[in-house]
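Novice: compute the structure for the input listed below.
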Amino acid sequence: MPIGVFDSGLGGLTILRVLRRAMPNQSFLYYGDTANAPYGDKSREEVQRLTRAAVERMFEQGCDLVILACNTASALALRDLQDSLPRSQKRRVLGVFVPMIEALSGARWVRTPQSKGQAPAGRRRILFFATPATVASGAFQEELHKRLHDAEAISEPAPELVSALERGDHAAARASVTAACARALGRSSETPDAAVLGCTHYPLAFDDFRACLPAETELLSQPDIAAASLARYLERHPEFEDTQGELRCLTTGDPVMFGELATLFYRQPLRFEAA
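Specialist: Below you'll find the model as predicted:
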């Protein structure tokens, strides 16, 4: 029984790569809705419709647990999906927002090679970089303020970053990051304590974000956070575990073309099948 990992395109492969490294015996099914990507500029209704269709297809493929690795889908469609699932069904859909908020609130601060580890108490100034649709949804601020009521949360879109990363235009990606960071820092009353890259593509520009942010600002690794959160979830729900270690990748687009592009995100070739 594989765990499903859904993204609007290929960015979710940055999370899948870390999940497989952390859980090599677990089977996964990756579903990229590449024919309809990107989701970042679509309406809430369209994102909900597309996400629901993808999740239902993954259920048909044997996934009883699906992770919405897509931040836009998590922001706009997760709650609608969860509310619509019959409680009698043993199927679950999880997002990537709650693990991030846990990390930012200090409940789970994930150590990465670029971080110092446990966050000191009292952190309250947080930057959140994401697609325009994710920022406009307000979902990050809503979830954050449930745990950190007095947090200063500044959400900033980087409108051209996803397309620049997908076409391998490093200069355009760097320019988008530089502009987004400048806008966000200009809106912050003090040096931010933490920053989150709220799009699965953005880890590809991690070094550019790091260079543009103050050294004191912790830059969180969303793939690492997601992997740690899923491992804890499986400890509580072993019924979703699998020991075959298999991987299948589906796409709504051209399997050959997207199999080649996937190397950018997964760091090794992948074979895609038509969804």
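Novice: from now on I want contacts and neighbour counts done on CA atoms only, so please keep to that.
Specialist: OK.
Novice: for the record, mean pLDDT for whichever strand or helix holds Y31?
Specialist: Y31 belongs to strand 28-32 when assigned by DSSP states H and E. Strand 28-32 carries an average pLDDT of 98.
Novice: partner strands of that strand, with direction?
Specialist: Strand 28-32 has its sheet partners listed here by DSSP bridges as strand 3-7 (parallel), strand 247-251 (parallel).
Novice: which positions in the last one come out as buried?
Specialist: In other words, strand 247-251. C249, L250, T251 (16 or more other C-alpha atoms under 10 Å).
Novice: for the helix or strand just after it, packing partners?
Specialist: The first helix or strand that comes after strand 247-251 along the chain, using DSSP H and E, is helix 255-266. The elements that helix 255-266 packs onto, with contact taken as 3 or more C-alpha pairs under 8 Å, 6 or more residues apart in numbering; DSSP states H and E, are helix 13-22, strand 272-274.
Novice: which one of these is the most hemmed in?
Specialist: Sort the helices and strands packed on helix 255-266 by mean neighbour count, taking mean count of other C-alpha atoms under 10 Å, and helix 13-22 sits at the top with a mean of 20.
Novice: so that one versus strand 247-251, what angle?
Specialist: In terms of direction (axes from the mean of the first three to the mean of the last three C-alpha atoms, to 10 degrees), helix 13-22 departs from strand 247-251 by 170 degrees.
Novice: who touches helix 13-22?
Specialist: Helix 13-22 is contacted from outside by 5, 26, 30, 69, 200-201, 203, 222-224, 226-227, 262, 265-266, using C-alpha atoms under 8 Å, 6 or more residues apart in numbering.
Novice: so which of these comes closest to H237?
Specialist: Q26 (13.6 Å; C-alpha to C-alpha).
Novice: any idea how far that closest one lies from A275?
Specialist: 21 Å (C-alpha to C-alpha, to the nearest Å).
Novice: counting neighbours, go ahead and name the busier of these two.
Specialist: Neighbour comparison, Q26 and A275: the larger count goes to Q26, with 20 against 16 (by other C-alpha atoms under 10 Å).
Novice: the residue nearest to the more buried one when sequence neighbours are not counted is in what secondary structure piece?
Specialist: Using C-alpha to C-alpha, 6 or more residues apart in numbering and skipping residues adjacent in sequence, the residue nearest Q26 is G245, 4.6 Å away. Applying DSSP H and E as the criterion places G245 outside every helix and strand.
Novice: how about G245, what does it touch?
Specialist: Neighbours of G245 in contact, by C-alpha under 8 Å, 6+ apart: P24, N25, Q26, S27, F28.
Novice: three-state assignment of the second one?
Specialist: I take that to be N25. coil (DSSP: H, G, I helix; E, B strand; the rest coil).
Novice: got the confidence number for it?
Specialist: With respect to pLDDT, N25 has a value of 95.
Novice: buried ones in stretch 205-224, by neighbour count?
Specialist: Counting neighbours by 16+ other C-alpha under 10 Å, one finds that the buried residues in stretch 205-224 are 205-206, 208-210, 212-213, 217-224.
Novice: and F209, what are its phi and psi?
Specialist: Reported as degrees, to the nearest 10, the phi and psi values for F209 are phi -60, psi -40.
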